[in-house]
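*Asks:* build me a model:
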Amino acid sequence: ALDQQDHDVMTKVTENSSFPELSTELTKYKIGQIEAQEKPDRAQKLALLKTLVNATFKTDDWAENLEMLCDEDQAECKAQLAKVEERQNFVTAKSTPAKKQMTDSELYSAAGEEFYYLASIFESLKNKPKQKEFANKCAAAYENLAKLSRLKLGRGAQQTLVPCLEMSERYVEAEKLLKNLIETYPSEPTFMVRMARLLKRQKKLDQALVWLEKGETVAYGFNWFSAQLIKSDILLDLRREKEAEKVIIQALEEVRVSEDRDNRNQLVAARLRAAQTKIQERLVK
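*Replies:* Numbering: from 1, shown residues only. You can find the predicted model right below:
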C-alpha cells in the first residue's frame, strides 16, 4: 500500500492496529514524502519526527530516527538525549523477547549502530567528550563483530568501524584499516570515498580530492552522489565556490527522483538541494 500510495488502504490497515510498527512505517513514509518536496514543510516534518522517535524508543531504530530529529531541532534533540542512559540496558542486554533470540553477531551489530548514531549526534552538538565516548563504544562493538566473521577482512563490520574510529579521532587506525580494505576490494568505491571523508576531517583537502577522483572512476548510484556531495564540501572549504556549484548542478541533472519510498534518490535529491542552497548563500556573500 505504501509503495502504491494507496492512502485508503494505509489508513484502514494502520487504524487501531495491534501492530504499532505499521504506524511507524506510515510515519517514515510521510517524512520521505515531505523530504521529496521542493520546499519541505519543516514544521510538519518536525512533528512527524517527534512522533517517530517516541514510537521507536524500544526498538533498534531509535538512535537513527533521533539523528534525523536532531538535524531539525537541537532543543528537542537534547531533551531526547536525556533518555540515553535508559536506552543502554536495552541496547547491550537481551532485554526483550526479540533480543533474546539474537545471536552475538546481531547484538554487536545493533549496539554498534546505536553507538554510531549517538556519536554522530554528539558530534553535531559539539560535545566532544560524549562524541568520543560513544565513538569508542561503537568501535569496540564492531571490533567484536569483526572477530566473529569467517572472512579474513569482512566488509560489513570493518566499513562501519572506520567512521567510529574517525569520530574517536583514531585517525591512524582508520587510515590503516581503509588501506587494507581498498587493497582487498580494489573495485569497491565505498572505501575510496570513505578515505576522502577521513582526509577531509583532518583538513587534508587536496589529498581528499585525489581519493574522490579515484572513487568516481568506479562509483555508481548512491556512492557516486555521496562523492559529489563530499567534493562540493571540499571545494567550499578551498573557497572554490563556482566549482562546487557546478558539481552539484551536474549531480542534480543525474538524479532521478523515484516514487518508490525505499529509493535513495529521494534522499539524494534533498541533500543535493540543501548543498546547492548552501553554495548559493556563500556566493551571495
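*Asks:* count of residues packed around Ala269?
*Replies:* Neighbour count of Ala269, defined by other C-beta atoms under 10 Å: 20. Glycine gets a C-beta too; all of them are placed from N, C-alpha and C.
*Asks:* which element is it on?
*Replies:* helix 265-284 (DSSP states H and E).
*Asks:* buried residues in that helix?
*Replies:* Neighbour counts over helix 265-284 (16 or more other C-beta atoms under 10 Å) mark 265-266, 268-273, 275-276, 278-279 as buried.
*Asks:* how long is stretch 116-136 end to end?
*Replies:* Terminal residues of stretch 116-136 lie 9 Å apart, using C-alpha to C-alpha, to the nearest Å.
*Asks:* can you list contacts of it?
*Replies:* Contact partners of stretch 116-136, identified using C-beta atoms under 8 Å, 6 or more residues apart in numbering, comprise 63-64, 66-67, 70-71, 74, 77-78, 81, 84, 115, 137-138, 160, 163-169.
*Asks:* just the ones of the residues you listed in helices?
*Replies:* 63-64, 66-67, 70-71, 74, 77-78, 81, 84, 115, 137-138, 160, 163-167 (DSSP state H).
*Asks:* which of these count as buried?
*Replies:* Judged by 16+ other C-beta under 10 Å, buried ones among those: 63-64, 66-67, 70, 77, 81, 84, 115, 137-138, 160, 163-167.
*Asks:* in contact with the residue nearest to Asp104 when sequence neighbours are not counted: list those residues for me.
*Replies:* In space, and not counting its chain neighbours, Asp104 is closest to Leu148: 6.4 Å by C-beta to C-beta, 6 or more residues apart in numbering. The contact partners of Leu148, taken as C-beta under 8 Å, 6+ apart, are 104-105, 108.
*Asks:* Leu148 and Ser168, how far apart?
*Replies:* 22 Å (C-beta to C-beta, to the nearest Å).
*Asks:* any low-confidence regions in the stretch 101-250 of the chain?
*Replies:* Along the stretch 101-250 of the chain, the parts satisfying pLDDT under 70 run over 151-154, 156.
*Asks:* now the helices for it?
*Replies:* Assigned by DSSP state H, counting those that start in this stretch, the stretch 101-250 of the chain shows helices spanning 104-124, 128-147, 155-167, 171-184, 189-201, 205-216, 221-237, 241-254.
*Asks:* which of the ones you listed sits closest to Lys50?
*Replies:* Minimum separation from Lys50 across the helices of the stretch 101-250 of the chain (C-beta to C-beta) falls at helix 104-124, 15.4 Å.
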